[in-house]
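Q: Build the 3D model from these lines:
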Amino acid sequence: MLPPNKALSATDQVQNLILESADFEEFLNQLARFSAHQMAGDGDDALCGITLLRDRKAATIGWSSDSAREVDEIQYSLAQGPCLTAAQEEREVHVPDLFQEDRWGPDYAAAVASHGLRSVLSLPFSLQGEAKAALNLYSDVPHKFDGAAAARARDFTREISEALRLAVRFSLHTDSAANLRATLESRTIIDIAIGIVMAQNRCSQEAAARILTEASSNSNTKLRDIARSLVDSVGGTGARTHYQEPSDVPRSSTA
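A: Have a look, this model is predicted:
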């Protein structure tokens, strides 16, 4: 992606991204990288993910890096978190410091903080349709999105909402919509895996999500790959994999 042109407004630059991108998926990833660059400032790094809620499913449809996508997916596995709240309730959600955050229970804050992150800001897009979306910003600096930074993020999100709305509508009527559908459908695998763990352990959805998240962390395997492996082992001819409560799983002595 070309560096941002300060002579152009955010809207103009996003429109250029639409014209220059080969497909919808590339545009969304470019948009996430552009947003991360715009919001980082002062030479700091920032992560950005774009969450879309549609047909009762949540998925990250654009990400500035693999880390941004993985952090978003923590929320989907727990079925709660700032980006889901921002998109569902269409309101801004700010986490000044993950070390002092407990709105979504200890599991969410600890899991995201384990990625070296300290602050989060999620802002809803105005899509004015059946779909809802949010821009998710992460920083390794506590209180990164306080004050002027939050105001700048609000203005930026408002500016690019129309471009994203048009892109989403267009994608649903073109072949590139397959990229969006495939991303949303990948959430089904995780949902099914959570259901399997619930049945195996006779536990709640939150506990099942925590078991899968810990299995992902302990094996250094992406959550969606852990989920697919479990679903395949139960539905296929291979040996059955049984994920237990974290307290029952022997822990390695090494990190």
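Q: Could you list the low-confidence segments of this protein?
A: 1-8, 11, 15, 18-19, 22, 41-44, 130, 170-186, 235-255 (pLDDT under 70).
Q: Helices of that one, start to end?
A: 10-20, 24-40, 66-78, 82-89, 105-113, 147-171, 177-201, 205-219, 223-235 (DSSP state H).
Q: Looking at those, which is nearest to residue 128?
A: Between residue 128 and the helices of the chain, the tightest spacing by CB to CB is seen for helix 147-171, at 6.5 Å. For the C-beta atoms, the positions are set from N, CA and C on the backbone; glycine is no exception.
Q: and the angle from the closest one to helix 24-40?
A: 170 degrees (axes from the mean of the first three to the mean of the last three CA atoms, to 10 degrees).
Q: Would you mind listing the buried residues in helix 147-171?
A: Of the residues in helix 147-171, those buried by neighbour count under the rule 16 or more other CB atoms under 10 Å are 149-150, 153, 156-157, 160-165, 167-168, 171.
Q: picking that back up, with distance to residue 140 as extra columns, can I get the helices of the chain in CSV?
A: CSV is the format used below for the helices of the chain (distance: least, CB to CB, whole Å):
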stretch, distance to residue 140
helix 10-20, 24
helix 24-40, 11
helix 66-78, 11
helix 82-89, 16
helix 105-113, 10
helix 147-171, 14
helix 177-201, 26
helix 205-219, 18
helix 223-235, 21
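Q: Identify whichever of these lies nearest to residue 97.
A: Closest approach to residue 97 among the helices of the chain is made by helix 105-113 (9.3 Å; CB to CB).
Q: Just list what the closest one packs against, helices and strands only.
A: In this structure, helix 105-113 makes packing contacts with helix 66-78, helix 205-219, judged by 3 or more CB pairs under 8 Å, 6 or more residues apart in numbering; DSSP states H and E.
Q: now that helix: how far from the chain's centre is it?
A: Helix 105-113 sits 14 Å away from the centroid of its parent chain (CA atoms, centre = their mean, to the nearest Å).
Q: For it, give me every contacting residue.
A: Defining contact as CB atoms under 8 Å, 6 or more residues apart in numbering, one finds that helix 105-113 is touched by 71, 74-75, 78, 80-81, 95, 98-99, 101-102, 120, 138, 206, 209-210, 213, 217.
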